[in-house]
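Enquirer: When you get a sec, could you give me coordinates for this:
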Amino acid sequence: MLLAAGWNGMRSHQMPRAPLVLKEFSKNPDKLLVVIDPRRSETAEIADIHLAIRPGTDALLTRAMIAIILREGWQNQEYIEQHVRGFANIAAWFADFDAQAAIRVCELDYGQIREICRLFATRKSCLHSDLGVYMNRHSTATSYLHLILLAICGRMCVPGGNIIPGHVMPLGAHTDERDPRTWRTVTTGFPALMGVFPPNVMPEEILSDHPQRLRAVLCSQSNPLRSYADTTAYEKAFSRLDLLVTYEIAMTETAALSHYVLPTTSGYESWDGTFFPWTYPEVYFQMRQPILEPEGERLEESQIYTLLADRLGLIPPIPQSLKEAAKGDRLTFAMELMQYGATEPRALPNMPYVLAKTLGEQLGSANLAALWGMLQIAPQPFRKMAQAAGFSQGH
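Expert: The predicted model follows:
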């Protein structure tokens, strides 16, 4: 059983061969595809069951599902005793919870949800959520409740359940909200989550009367006016900005509202890759090479960021010796880069820009230069893997 919450895998993929896998899954009489989505998406179209949930009530539904499973005794008690810690501290959240009333608020049928809970708890099952949850209301609470649901059903790190995929590089930076050095938004007081601030607080941060309110936004190939919750709030907030800049290849709704639109290259015109391949147990990564020359003034987004950083004075002076070393072999360049980093305190915090202005200019791609830099700080086992793939030292 596959439970898809706010995920339209037929279009957004996120796993190898997603449309083919989902079609095969939905046609298999021994398997069950359940989609939770207010909209009848392409994935909902092929699902065995489509739960057209009331928008924004995902957390409420998940809490109700946990309460039903615990009340009916369908939880995997052996798994909980062996692998779960601290559940007794939160069990009261679900003990007297009125699941029927909650499901009515979600505008769903209680009998159908109860049966889905039984199937999810008793079959080999997994859950995949996506932007429909992450960009929605109460997204953090929903994600936390999803983990509790998986834990009580014994579906984490087991065959057929949810696994922890590998990545070439971490998708976000570690940020500890308990650390006073972690900056919080000035109006709503939100800390960063994995180095990123929740987008749904942005309208409040812009529309606030706080003297340090958010006044300028750079949109890097994103369309907040359509991607995030409460379009009306975003339209009102973005119209109040002193500066709105969008890097984009298409004239999106956000680009149309922007003061400046900077043209970017498409995936056909730039070195590019994805850092969330969701592969297991191996880690796969592919840097796609361009097959077309960019037209007009299009640049990679990383090149645009480098130009802005240079004009803002964020990039430290780069010696000519480092630029010359970038023209030679990678080992010589790496040695020169290490020496530069040891003598220039601003080099390490701004290393992506340094690489873009040295190695990137030789390779014709700041993206490709950044990947080279990431691989230099990759875990030690990567060296053996790279050698197995045919790469030799210095390349």
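Enquirer: Next, count neighbours for Leu70.
Expert: The tally of other residues near Leu70 (other C-beta atoms under 10 Å) stands at 19. For glycine as for every other residue, the C-beta is placed from the backbone atoms N, C-alpha and C.
Enquirer: Not counting sequence-adjacent ones, nearest residue to it?
Expert: Phe94 (5.4 Å; C-beta to C-beta, 6 or more residues apart in numbering).
Enquirer: just Val84 next, same as before
Expert: Counting by C-beta to C-beta, 6+ apart, Val84 lies nearest to Ala151, which is 5.2 Å off, once chain neighbours are set aside.
Enquirer: what about the one you found, how many residues close to it?
Expert: Neighbours of Ala151 (other C-beta under 10 Å): 20.
Enquirer: if we can go back for a sec, the residue nearest to Leu70 in helix, strand or coil?
Expert: Following DSSP: H, G, I helix; E, B strand; the rest coil, Phe94 is assigned to helix.
Enquirer: show me the contacts for it.
Expert: Contact analysis of Phe94 by C-beta atoms under 8 Å, 6 or more residues apart in numbering lists Arg63, Ile66, Ala67, Leu70.
Enquirer: Equivalent analysis for Glu361, please.
Expert: Glu361 touches Lys323, Ala326, counting by C-beta under 8 Å, 6+ apart.
Enquirer: per-residue confidence for it?
Expert: Among the per-residue scores, Glu361 shows a pLDDT of 95.
Enquirer: what about dumping the CA coordinates of the helix or strand hosting the residue nearest to Val84 to PDB?
Expert: If you go by DSSP states H and E, Ala151 is part of helix 139-152. Below are the C-alpha coordinates for helix 139-152, written out as PDB (Å, rounded to 0.1, in the frame of the first residue of the first chain):
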ATOM      1  CA  SER A 139       3.200  21.700   7.500                       C
ATOM      2  CA  THR A 140       5.600  21.000  10.300                       C
ATOM      3  CA  ALA A 141       2.900  19.600  12.500                       C
ATOM      4  CA  THR A 142       1.700  17.400   9.600                       C
ATOM      5  CA  SER A 143       5.200  16.100   8.900                       C
ATOM      6  CA  TYR A 144       5.700  15.300  12.600                       C
ATOM      7  CA  LEU A 145       2.400  13.400  12.700                       C
ATOM      8  CA  HIS A 146       3.300  11.500   9.600                       C
ATOM      9  CA  LEU A 147       6.400  10.300  11.400                       C
ATOM     10  CA  ILE A 148       4.400   9.200  14.400                       C
ATOM     11  CA  LEU A 149       1.900   7.400  12.100                       C
ATOM     12  CA  LEU A 150       4.800   5.500  10.400                       C
ATOM     13  CA  ALA A 151       6.400   4.700  13.800                       C
ATOM     14  CA  ILE A 152       3.400   3.200  15.500                       C
END
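Enquirer: Contacts for it next, please.
Expert: 5, 58-59, 62-63, 65-66, 69-70, 75-76, 79-80, 83-84, 87, 90, 120-121, 127, 129, 133-134, 136, 156, 161-162, 193, 198, 200.
Enquirer: Now do the buried residues in it.
Expert: Ser139, Thr142, Ser143, Leu145, His146, Ile148, Leu149, Leu150, Ala151, Ile152 (16 or more other C-beta atoms under 10 Å).
Enquirer: So which of these is the closest to Val217?
Expert: Ser139 (20.2 Å; C-beta to C-beta).
Enquirer: if we can go back for a sec, how about a markdown table for the contacts of Phe94, with distance to Thr231 added?
Expert: Shown next, in a markdown table, are those (distance: C-beta to C-beta, whole Å):
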| residue | distance to Thr231 |
| --- | --- |
| Arg63 | 27 |
| Ile66 | 31 |
| Ala67 | 33 |
| Leu70 | 37 |
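Enquirer: Report pLDDT for Lys327.
Expert: On pLDDT, Lys327 comes in at 95.
Enquirer: my guess is Leu257 meets Leu225, correct?
Expert: Yes - with contact defined as C-beta atoms under 8 Å, Leu257 reaches Leu225; the gap is 6.9 Å.
Enquirer: Among the contacts of helix 139-152, which lie within strands?
Expert: Ala5, Leu127, Ser129 (DSSP state E).
Enquirer: Now do stretch 61-78: everything it contacts.
Expert: So stretch 61-78 is in contact with 36, 51, 53, 91, 93-95, 97, 99, 102-103, 106, 108, 113-114, 116-118, 120-122, 142, 145-146, 148-149, 152-154, going by C-beta under 8 Å, 6+ apart.
Enquirer: And that stretch, how far out from the chain middle?
Expert: Distance of stretch 61-78 from the chain centroid (C-alpha atoms, centre = their mean, to the nearest Å) equals 28 Å.
Enquirer: buried residues in that stretch?
Expert: Within stretch 61-78, judged by 16+ other C-beta under 10 Å, the buried ones are 61-71, 74-76.
Enquirer: The closest residue to Ala356 other than its chain neighbours - how many residues pack around it?
Expert: Nearest residue to Ala356, sequence neighbours excluded (C-beta to C-beta, 6+ apart): Ala366, at 3.7 Å. Summarising burial for Ala366: neighbours were counted as other C-beta under 10 Å, giving 27.
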